[in-house]
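**Student:** 3D, please:
(chains A, B, C and D)
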Number of protein chains: 2
Amino acid sequence: MASERALKRQQLKQQLQDLIQQHAGGRLPPERELSERFAVARETLRRCLRELEEDGLLQRRQGAGTFVSGQPVVKQLQLMSFSEEMRERGLIPSSEVLSIKSLGANAKLASKLKLTPGAPLLELRRLRLADDEPMALETVYLVRDRLPAFDPEELREGSLYELLMQRFGLQIRSAQQQVQATVLTEEEAEALEVPPFSPSLLVERLVMTGGGEIIEFARSLYRADRYRFEVNVMRAPSSAPGEA
Amino acid sequence: MASERALKRQQLKQQLQDLIQQHAGGRLPPERELSERFAVARETLRRCLRELEEDGLLQRRQGAGTFVSGQPVVKQLQLMSFSEEMRERGLIPSSEVLSIKSLGANAKLASKLKLTPGAPLLELRRLRLADDEPMALETVYLVRDRLPAFDPEELREGSLYELLMQRFGLQIRSAQQQVQATVLTEEEAEALEVPPFSPSLLVERLVMTGGGEIIEFARSLYRADRYRFEVNVMRAPSSAPGEA
DNA sequence: CAGTGGTCTAGACCACTGG
DNA sequence: CAGTGGTCTAGACCACTGG
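**Tutor:** Prediction:
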């Protein structure tokens, strides 16, 4: 995947994203016209359109046209950092560190992280923005004893996952996520710049390394008006053995 | 009407599944050979292979070949009916039919269901209970033209999925689900027996048959105090190095 | 190097919509 | 009906692997 070769598709996809911005809420020009305008074969164009449709940016209807979606949705098939997820969606991610502090695990956190109560944790609170507008309020708890020693202030700069993976060589492997609906407190609503008591999608994430060791618990409050969670599921094949 | 047109892809995919059985654990013949054997263009074959790869049945490596996966690795979450899901949680499911009516698709529904506005739909509203306590308020839209004719009153009794699958022989295959946070109206809250303006998890589900035909759109409001959504995700095998 | 999958093309025809 | 997206083709060339 890490090739420097400029696929036509990548450049084309960018051009189409711009076009989508311009045609917000409306219809895109026909495929034959677009393929001519961007000097690519129609099939090449169509691959990009399909990808953008899968990302939720477009809707296509045979015989009718290609329409810009009102609300883009997030694909949640892979464990992605906030930054990766927003970029995938064509938004520019940024962060504002609200606080960094050391504390001992309380009963609830200890149970989630499979630790002894009182075990040392690092708490990182951040406001996560997309295109400079608040998207989520995130609190991350890192298990100090399962990480190399480092200066907490390093968390102010750059990506947390980058720090964990590239600097510490940790293999982030999987996460268990739970999604709930909740209502924001006045303070939370103020930080997210929405009216008090607005609804919010609460995502709790337990992050594990390749060895199955839990290193992080994160609790994120997403703005309900800007974020949805997408899950695609399959029916169990009825021919499969062991089916009830 | 139900599309009788046999896409080459559908037949081809079936043939490939058989081939995969035979080559269990091994490598598939090269694409150029397969496209000749099945008398399709290589691009057509490649579309099928890509779909099978997305289903986890195959793994392709440029320059190396196409391999049969040991086992569908990340076993996706399974598409379950409300009843199946509640039973899995150890709760006893039940339902109360609130209304059944025929109506034409409005613009939003038509777009979701890939229909012409005004196309005939059947709307079924149900209160779903678990252990005799309200759990969700569900509205299902069925596409009449994609289903056999039947008396809507049949929906009062028994499981919807059972009706679709066992009586009509429909193969429910997959669903796209989107999860959002919202706030209940007074009426909704009353039905769910929670205080007005309580938070709620809104799950929208688009259900497809094996042929990729959309037959149902469902919108369910779950009580936030009784229901959470769980998703386990894996990190992409080898993340792109330049990725931040 | 030969062989593999990955990308892209120019064109044909089909299915569906009512822009 | 003209116009749209959907499918499929036959072929070219590229990127990568070591069957």
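**Student:** what strand or helix carries the residue in chain A positioned nearest to DNA strand C?
**Tutor:** Taking C-beta to the nearest atom of the strand, DNA strand C has its nearest neighbour within chain A at residue A:63, 2.4 Å off. C-beta: built from backbone N, CA, C; applies to glycine. For residue A:63, there is no enclosing helix or strand under DSSP states H and E.
**Student:** and it, how far from residue A:95?
**Tutor:** 45 Å (C-beta to C-beta, to the nearest Å).
**Student:** again with residue A:13
**Tutor:** Here residue A:13 is placed at a distance of 25 Å from residue A:95 (C-beta to C-beta).
**Student:** coming back round to it: comparing residue A:63 and residue A:95, which shows the higher neighbour count?
**Tutor:** When residue A:63 and residue A:95 are compared for neighbours, residue A:95 comes out ahead with 18 against 5, by other C-beta atoms under 10 Å in any protein chain shown.
**Student:** would the more buried one count as being in a helix?
**Tutor:** No: counting by DSSP: H, G, I helix; E, B strand; the rest coil, one finds residue A:95 to be strand, located in no helix.
**Student:** quick one, what contacts it?
**Tutor:** Counting by C-beta atoms under 8 Å, 6 or more residues apart in numbering or on different chains, residue A:95 touches A:82, A:126, A:127, A:128, A:129.
**Student:** show the buried residues in these.
**Tutor:** The neighbour count (16 or more other C-beta atoms under 10 Å in any protein chain shown) marks A:82, A:126, A:127, A:128, A:129 as buried among the contacts of residue A:95.
**Student:** and which of those is nearest chain B?
**Tutor:** When the buried ones among the contacts of residue A:95 are compared for distance to chain B (C-beta to the nearest C-beta), residue A:82 wins out at 11.2 Å.
**Student:** pull up the gap between the closest one and residue B:36, please.
**Tutor:** 47 Å.
**Student:** between all of the contacts of residue A:95, which two are separated the most?
**Tutor:** Greatest spatial distance among the contacts of residue A:95 (C-beta to C-beta): A:82 and A:127, at 10.9 Å.
**Student:** pLDDT below threshold where in chain A?
**Tutor:** A:1-6, A:70-78, A:210-211, A:234-244 (pLDDT under 70).
**Student:** close to chain B, is stretch A:124-141?
**Tutor:** No: counting by C-beta under 8 Å from any C-beta of the partner chain, chain B is not contacted by stretch A:124-141; separation bottoms out at 12.0 Å.
**Student:** out of the buried ones among the contacts of residue A:95, which sit inside strands?
**Tutor:** If you go by DSSP state E, these have A:126, A:127, A:128, A:129 in strands.
**Student:** list the contacts for the last one?
**Tutor:** By that I understand residue A:129. A:93, A:94, A:95, A:96, A:135.
**Student:** and for residue A:150?
**Tutor:** Residue A:150 is in contact with A:163, A:167, A:168, counting by C-beta under 8 Å, 6+ apart.
**Student:** who are the packing partners of the helix ranked longest in chain A?
**Tutor:** As assigned by DSSP state H, the longest helix anywhere in chain A is helix A:8-22. The contact analysis (3 or more C-beta pairs under 8 Å, 6 or more residues apart in numbering or on different chains; DSSP states H and E) places helix A:8-22 against helix A:42-54.
**Student:** so which elements touch the helix it packs on?
**Tutor:** Partner elements for helix A:42-54 (3+ C-beta pairs under 8 Å, 6+ apart): helix A:8-22, helix A:31-37, strand A:58-61.
**Student:** list the buried residues for the shortest one?
**Tutor:** To tie it back to what came earlier, the one meant is strand A:58-61. A:58, A:59, A:60.
**Student:** touching that strand from outside, list them.
**Tutor:** Under C-beta under 8 Å, 6+ apart, the answer for strand A:58-61 is A:20, A:28, A:49, A:52, A:53, A:66, A:67, A:68, A:69, B:111, B:114.
**Student:** name the member of those that has the highest neighbour count.
**Tutor:** residue A:52 (23 neighbours).
**Student:** what residues are up against residue A:19?
**Tutor:** A:28, A:34.
**Student:** swap that for residue A:107, sorry
**Tutor:** Residues near residue A:107 by C-beta under 8 Å, 6+ apart: residue A:117.
**Student:** what does chain A put close to DNA strand D?
**Tutor:** Contact residues, chain A versus DNA strand D (C-beta under 7 Å from any atom of the strand): A:3, A:5, A:28, A:30-33, A:42-43, A:46, A:49, A:60-66.
**Student:** the residue nearest the centre of chain A: which element?
**Tutor:** The centre of chain A sits closest to residue A:85, judged by C-alpha atoms, centre = their mean, with a distance of 3.3 Å. Using DSSP H and E, residue A:85 sits in helix A:82-88.
**Student:** hmm, back to that, now the residue nearest to the centre of chain A: how far from residue A:103?
**Tutor:** From residue A:85 to residue A:103 the distance is 28 Å (C-beta to C-beta).
**Student:** repeat that for residue A:136.
**Tutor:** On the measure of C-beta to C-beta, residue A:136 and residue A:103 end up 22 Å apart.
**Student:** the more surrounded of the two?
**Tutor:** Per other C-beta under 10 Å, whichever of residue A:136 and residue A:103 has more neighbours is residue A:136, with 23 against 12.
**Student:** what sits opposite that one in the beta ladder?
**Tutor:** Per DSSP bridges, the residues bridged to residue A:136 are residue A:128, residue A:222.
**Student:** correct me, but it touches residue A:82?
**Tutor:** Yes: using C-beta atoms under 8 Å, residue A:136 is in contact with residue A:82, at 7.1 Å.
**Student:** what sits in contact with each of those two?
**Tutor:** Common neighbours of residue A:136 and residue A:82 (C-beta under 8 Å, 6+ apart) are A:128, A:220.
**Student:** contacting residues for the closest residue to residue A:114 other than its chain neighbours?
**Tutor:** Closest residue to residue A:114 apart from its sequence neighbours, by C-beta to C-beta, 6 or more residues apart in numbering or on different chains: residue A:214 at 5.8 Å. Neighbouring residues of residue A:214 by C-beta under 8 Å, 6+ apart: A:112, A:113, A:114, A:143, A:146, A:206, A:207, A:208.
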